[in-house]
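> Got a predicted model here, sequence first, then my questions.
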Amino acid sequence: MSESIQPGDVAPLDAGRLALVIGNSAYPDADFPLPQITRDAEALTNALREDGFLVDALENTTRLGMTRAIDHLKKRLRSNSTVLVYFGGYGIQSDGQNYLIPIDATIWSEEDVRRQGVSIDHLLSQLRNSGARVRLAVIEASRRNPYERRFRTYSHGLAPILPAENALVLSSAGSGEVVEDPGGLHSQLISALLVQMETSREIKEVFDNTRNAVVAATRGQQIPVVLSTLTESFHLSPAQIGAPAYSVGSAVSGHR
């Protein structure tokens, strides 16, 4: 069952700035829970709302919950919308494609990954085809495959992510690389990203500085990847460019 992360105090919201935050930490069929992910998702949700984003935030959600949330997001997109998607949890590559794993997945083979996972490439294509002007993604899923002993073939981390035009992707590690979850309140990636978001810099600089901060903090043990096809600048804070921000009500929708 998925739980909607409830809002605290938020800034006025901009209907042209939409976000979907999914944090999956409890996988009954996997050996290791991911307790940091819930905290990461909640902290990022709050930070995005402070920057005027209208956020749907889901914790520990099923495949049906994920697909419904994506459909709900697509229906609200306009031609001038900026959309940001965050996924934290397990991700698995299969045949060169990356799949986000819902908590109700029961995986014994690569076919199960393709059948029960949510394709990252397909998600990014959906956002492009829905007309969003700027597409941002933060993928925190470069972990060791918790089901690898069940597979005939072996793969590390995620396959390369290829964003479409006017998109920016921040991934917690490069293709084929695995991130070990350290102790602490937040992951290295989200800890660094939250600090950089407070600077109100242009988004490409925010992602680049996040990558550099993680590399420095881990002494090169973790190297996030920033993939950009952006053709225009975008600031997280509307005040940086004088963009209007107006209230449109609560952004939370519960998918259960």
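Structure's in. What do you need?

> I'd like the next helix or strand past the helix or strand of the chain with the lowest mean pLDDT.
Per-element confidence for the chain was summarised using mean pLDDT, DSSP states H and E. The lowest value among helices and strands belongs to strand 3-4, with a mean of 44. Per DSSP states H and E, the first helix or strand lying C-terminal to strand 3-4 is strand 17-23.

> Now do the strands in this protein.
Taking DSSP state E as the criterion, the chain carries its strands at 3-4, 17-23, 54-59, 82-88, 91-94, 97-100, 118-119, 134-140, 167-171, 225-228.

> Any stretches of the stretch 1-150 of the chain with poor pLDDT?
Applying pLDDT under 70 to the stretch 1-150 of the chain flags residues 1-14.

> let's go with 80 and repeat that
By pLDDT under 80, the weakly predicted segments of the stretch 1-150 of the chain are 1-15, 29-32, 148-150.

> if I look at the residue lying closest to residue 228 once chain neighbours are set aside, how far off is residue 94?
Across the structure, with CB to CB, 6 or more residues apart in numbering as the measure, the residue nearest residue 228 apart from its sequence neighbours is residue 168 (5.0 Å). C-betas here are computed from N, CA, C, even on glycine. Shown here: residue 168 relative to residue 94, a distance of 25 Å by CB to CB, to the nearest Å.

> Likewise for residue 48?
With the distance defined as CB to CB, residue 48 ends up 30 Å from residue 94.

> Equivalent analysis for residue 110, please.
4 Å.

> before we move on, what about residue 209?
Here the criterion is CB to CB. By it, residue 209 lies 32 Å from residue 94.

> And the two? Which one has more around it.
Under the criterion of other CB atoms under 10 Å, the comparison of residue 209 against residue 94 puts residue 94 first, with 20 against 17.

> Verify the contact between the more buried one and residue 116 for me.
No - contact status for residue 94 versus residue 116: not in contact, 11.0 Å apart, counting by CB atoms under 8 Å.

> before we move on, back to that, identify whichever of the strands of the chain lies nearest to residue 157.
Checking the strands of the chain against residue 157 by CB to CB gives strand 91-94 as the closest, at 7.3 Å.

> name the helices or strands packed onto that closest one?
The contact analysis (3 or more CB pairs under 8 Å, 6 or more residues apart in numbering; DSSP states H and E) places strand 91-94 against strand 97-100, helix 110-116.

> Next, format these as CSV and append distance to residue 161 and mean neighbour count.
Compiled in CSV, the helices and strands packed on strand 91-94 are given as follows (distance: least, CB to CB, whole Å; neighbours: other CB atoms under 10 Å):
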stretch, distance to residue 161, mean neighbour count
strand 97-100, 6, 24
helix 110-116, 16, 16
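
> Identify the bridge partners of the residue nearest to residue 228.
residue 136, residue 228 (DSSP bridges).

> and the residue nearest the centre of the chain, how far is that from residue 149?
The structure's the chain has its C-alpha centroid closest to residue 86; by CA atoms, centre = their mean the separation is 1.7 Å. Residue 86 sits at a distance of 29 Å from residue 149 (criterion: CB to CB).
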